[in-house]
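Novice: got a structure for you, letters missing:
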C-alpha cells in the first residue's frame with residue numbers, strides 16, 4: 001500500500017505553534033555557491049521597453065559559442081512564426097535566461113504561455129532540466145508528491161499530473177535563486193471538454209531537491225542561489241508578517257513609516273501596498289488615532305502558484321488592536337498577506353493585503369476567540385489550511401463593479417442593459433469607438449439609466465497598440481475614441497481600459513503618457529472568462545459565481561458584450577442579489593486600478 005503524500009503544511013503549522021509565533025531560531029542559509037568563470041566581453045543587442053525585440057549576441061570572445069547562442073535564440077523566434085511573442089533577457093555573465101511570453105487565443109481574449117531558454121554563455125549550449133537533475137524518474141516522483149499534496153490543500157486540478165507523463169526535458173522550467181519553477185500543463189482537459197488549458201506553476205525550493213541536483217555540473221555552478229527548504233521559507237515569511245504587525249502600532253503612534261517600511265516591498269506606484277501604507281499613516285496622524293497591539297496569530301501559510309517573484313507566499317493572520325480615537329475600543333482583524341522572497345537579503349517583503357474571512361474550522365484549529373496571540377490552540381495536533389468561506393453570510397462586506405468591454409453593439413448590449421435594469425444595478429461600459437456611431441441610442445440609454453461610459457479605444461489590434469514601436473499608439477487610440485464619444489453624446493470620459501489589460505502589454509512610458517493627459521486606467525481583478533476558448537453561458541456563470549464567493553473587498557469584474565455574458569448575466573445578477581452585495585459603477589472621480597505583473 002502506497003503511503004499518502006507528506007503534508008508540509010501540517011509541518012509548518014506545528015512548527016509555528018511549537019515556536020510561539022515563529023520565535024524559534026532560523027535555519028542558517030547556505031552561502032551562495034561561487035559561479036564558474038565567466039567569459040569576458042559577452043554582450044547582447046539593446047533591449048526596447050525592457051524587452052528583447054531581436055536578441056542576438058553582439059560580442060563574444062569565442063566565435064563558435066557565439067554562433068551556438070545565436071542559433072538557439074533564433075530557433076525560438078522562428079518557432080513562433082506570426083504569433084505575438086515578447087522576450088525578456090537576463091544574464092549574469094555566465095548564464096543567460098531568455099523568457100518567452102507568447103499570446104494565444106482569439107482577438108477578443110488572449111492568454112500568455114511562458115517558456116524559458118537557459119544558455120551557457122561559455123559554450124553557447126542550451127541547458128535542459130536534465131542537465132540540472134539527471135534522474136528524471138526521481139524528479140517526476142518528487143513533483144508528483146508535491147502536486148498531490150496541493151490537490152488537497154490548495155484545490156489544485158489533478159489534471160496537471162498528466163504533464164508528468166512527458167519526459168522531464170520537455171517541461172518548461174526556470175532556474176531561480178530560491179526555487180526551481182516548473183510549469184505543468186495538462187495534456188488535455190478532463191473528458192476532452194473544450195476550454196482553456198489547465199496549468200499550474202510549481203515552485204520547488206532548492207532545499208527540497210537535495211540529493212537530486214547535480215551540484216558538480218556547470219549549470220548548477222552558473223548562478224547563485226539559496227538552498228532553503230519550504231519549511232525554512234515559510235518560517236521567514238511568517239517572521240516578516242509578525243515583524244510588520246508588531247511594528248505597526250509603534251509606527252502609527254510615533255508617525256514613523258520606516259518602522260514598517262522595511263518590511264514592505266518598495267514600489268512607487270501610487271496604488272502599491274507600500275504607498276497606501278504611507279497614506280494610511282498620514283491619515284491616522286491627521287485623525288489623531290493611536291493603536292495598541294493586543295494579540296497576533298499567524299494562522300497559516302501557503303504557496304501562491306499565481307504569484308510573481310522568486311517565491312511568493314500568502315499568509316493568514318488574526319490581529320487584535322485597541323484603537324484610541326474619540327474613546328477606546330477593541331477591534332479584531334483577519335488579513336491575507338501576499339509576500340515575495342528577496343534572495344539577496346534572505347527575507348520576505350510584504351507586497352499586498354486583503355480582507356480575509358476564515359471559515360469556522362480554521363478558527364477552531366487555530367484557537368480562535370479571545371485567546372488570539374497566546375498560542376493555546378484548541379486542537380494543535382490537527383491544524384488545518386486556510387479555508388475559503390462557503391456560507392453567503394460570511395461574504396457580505398464587498399463591493400462589486402461590473403464592467404463590460406468591446407461594446408456597444410446592437411446584438412448583445414440591449415439585453416445586458418435590460419438585465420441590469422431588472423435589478424437596478426449600475427455598471428461601467430468600456431467602449432470601442434467603431435461601435436459608437438451605429439449605436440448612439442444605446443449610448444444615450446446607458447447615460448439615462450445611470451451607467452458610466454468609459455473608453456476601450458479606437459482599436460483592439462494588439463500589434464498596432466503594443467508592438468508597433470510607437471509609444472503614442474495607445475494614447476492616440478483613446479483620444480480618437482474620446483473625440484467620437486464627445487461628438488455623439490456631448491461628454492468626454494477619462495476612465496479607460498486598454499485592450500488585453502496593462503500586464504505585460506502596456507509599457508511604463510505608455511502608462512505615463514495616458515496619465516499625463518488625465519486618463520485613469522482600470523484593469524480588473526476578476527475575469528469572468530466569457531471570451532475564453534470553449535466558453536459557454538453555463539461555464540461563465542459557474543466560474544464567475546465561484547470567484548465572487550471566494551474573493552473579498554473591491555471586485556472589478558471583466559465581462560464583454562457577447563452572447564455568453566448575455567445568457568449568463570441573469571444568473572450572476574440573481575446570485576449577487578441573493579447575497580445582498582453592493583454593486584456600484586466606477587465613478588469618473590475614482591483613481592485608476594492598475595495590476596501590472598512583476599517579472600518572474
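Specialist: Looks like it came in fine. These figures come from a predicted structure and were not determined experimentally.
Novice: Distance of residue 409 relative to residue 273?
Specialist: According to CB to CB, to the nearest Å, residue 409 and residue 273 sit 38 Å apart. Using the backbone N, CA and C atoms, a C-beta is placed for each residue, glycine as well.
Novice: quick one: the helices in the stretch 451-600 of the chain?
Specialist: For the stretch 451-600 of the chain, applying DSSP state H, counting those that start in this stretch gives helices covering 462-466, 473-489, 508-516, 537-550, 563-578.
Novice: Compare those and give me the one nearest residue 454.
Specialist: Nearest to residue 454 among the helices of the stretch 451-600 of the chain is helix 473-489; the distance by CB to CB comes to 9.3 Å.
Novice: which helices and strands does the closest one pack with?
Specialist: strand 428-432, helix 440-448, strand 452-457, helix 462-466, helix 508-516 (3 or more CB pairs under 8 Å, 6 or more residues apart in numbering; DSSP states H and E).
Novice: returning to what we had before: distance to residue 89 for the helices of the stretch 451-600 of the chain - can I get that in a markdown table?
Specialist: Compiled in a markdown table, those are given as follows (distance: least, CB to CB, whole Å):
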| stretch | distance to residue 89 |
| --- | --- |
| helix 462-466 | 18 |
| helix 473-489 | 24 |
| helix 508-516 | 18 |
| helix 537-550 | 35 |
| helix 563-578 | 39 |
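Novice: In the protein, what helix or strand scores lowest on average pLDDT?
Specialist: helix 360-365 (a mean of 30; mean pLDDT, DSSP states H and E).
Novice: Could you state which residue of this protein sits nearest its centroid?
Specialist: In the chain, the residue lying closest to the centroid (CA atoms, centre = their mean) is residue 307, at 4.4 Å.
Novice: Give the closest residue to it in space, chain neighbours not counted.
Specialist: Spatial nearest neighbour of residue 307, chain neighbours left out: residue 338 (6.7 Å); criterion: CB to CB, 6 or more residues apart in numbering.
Novice: quick revisit: ok so the residue nearest to the centre of the chain is a helix residue?
Specialist: No. Assessed with DSSP: H, G, I helix; E, B strand; the rest coil, residue 307 is coil; it does not lie in a helix.
Novice: which regions of the protein sit below the pLDDT cut-off?
Specialist: 1-55, 76-86, 103-112, 152-157, 168-169, 187-197, 269-271, 357-397, 595-600 (pLDDT under 70).
Novice: my guess is residue 234 meets residue 301, correct?
Specialist: Yes. Proximity of residue 234 to residue 301 meets the contact threshold set by CB atoms under 8 Å, at 4.8 Å.
Novice: Residue 143 is nearest to which of the helices of the stretch 451-600 of the chain?
Specialist: helix 537-550 (26.2 Å).
Novice: what angle sits between the closest one and helix 563-578?
Specialist: 40 degrees (axes from the mean of the first three to the mean of the last three CA atoms, to 10 degrees).
Novice: what number of residues lie near residue 115?
Specialist: Residue 115: 16 surrounding residues under other CB atoms under 10 Å.
Novice: Ignore what I typed, I meant residue 211.
Specialist: Neighbours of residue 211 (other CB under 10 Å): 9.
Novice: same thing with residue 134?
Specialist: Per other CB under 10 Å, the neighbour tally for residue 134 reads 14.
Novice: thought it was touching residue 215?
Specialist: No. Contact between residue 134 and residue 215 fails when scored by CB under 8 Å: they sit 11.4 Å apart.
Novice: rewinding a little: would you tell me which of the helices of the stretch 451-600 of the chain gets closest to residue 242?
Specialist: helix 537-550 (26.2 Å).
Novice: Might you calculate how far the closest one sits from the centre of the chain?
Specialist: 19 Å (CA atoms, centre = their mean, to the nearest Å).
Novice: ok, then the element right after the longest helix along the chain?
Specialist: In the chain, with assignment by DSSP state H, the single longest helix is helix 230-253. Note on helix 230-253: by DSSP states H and E, the next helix or strand toward the C-terminus is helix 258-261.
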